[in-house]
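Enquirer: give me the fold of what follows.
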Amino acid sequence: MTRRVHTFLATLSLALGAALAGCATGSGLEPGATRDAVIQRMGQPTAVVRLPNGGERLQYSQQPAGQYAWMADFDAGGRLVSLRQVLNENDFRRIEVGQWTRDDVEREFGPAARVERMRGWDGPILTYRWNMGPGMDRFFWVYVDPQGVVRRAHQGIEFLRAGPRRA
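Expert: This next block holds a predicted model:
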């Protein structure tokens, strides 16, 4: 990827992040808001997912270039229960290796930035981009076996955006 494209994507990601952050945190969207009110304020979601309790989740993901994903959860009556940004260390800790499936991961975090394969692993590897704070760009990898079960999950540093490394 050329430096110009990388710069454009980084700028676009920051702008979108700021716009969505404003929506998610000072938007006036309180629990009990209607689905239509959330869509009017935040725009069309990147995905819509049914929840086990009969409710619905609107996913607002910045993947693949961005580092944030907001989940707007609604009860069965279509009222907002919660609105939160989920690409963070605490939420990643909720992943239960050996218990969660790829569907669980995608329901909780949205689509991955990339789905990769590598020699030595017989299944997809979901790669999420996220940010721990200023200058702390990260990846989170979820290794899924051929049956769709999560077998490994861990974070790593995203050197591409971290700048040049020193020897």
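Enquirer: how is the protein carved up into domains?
Expert: Recorded structural domains for the chain (assignment: automatic domain parsing) are 1-80, 86-167.
Enquirer: could you give the mean pLDDT of the shortest one?
Expert: In this case it means domain 1-80. Confidence over domain 1-80 (mean pLDDT, whole number) is 78.
Enquirer: from now on call the first residue 4
Expert: Yes, from this point I'll number from 4; that puts the last item at domain 4-83.
Enquirer: okay, the domains of the chain in TSV with mean neighbour count next?
Expert: Heads up, the C-betas are built off the backbone N, CA and C, glycines and all. Listed next are the domains of the chain as TSV, based on neighbours: other Cβ atoms under 10 Å:
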stretch	mean neighbour count
domain 4-83	15
domain 89-170	15
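Enquirer: quick one, longest strand in the chain?
Expert: Residue-count comparison of every strand in the chain, with assignments taken from DSSP state E, identifies strand 124-134 as the longest.
Enquirer: helices along this protein, start to end?
Expert: If you assign secondary structure with DSSP state H, the helices in the chain sit at 6-28, 38-45, 92-95, 105-112, 162-165.
Enquirer: sorry, back to before: now the longest strand of the chain against helix 105-112, angle please.
Expert: An angle of 0 degrees separates the directions of strand 124-134 and helix 105-112 when computed by axes from the mean of the first three to the mean of the last three Cα atoms, to 10 degrees.
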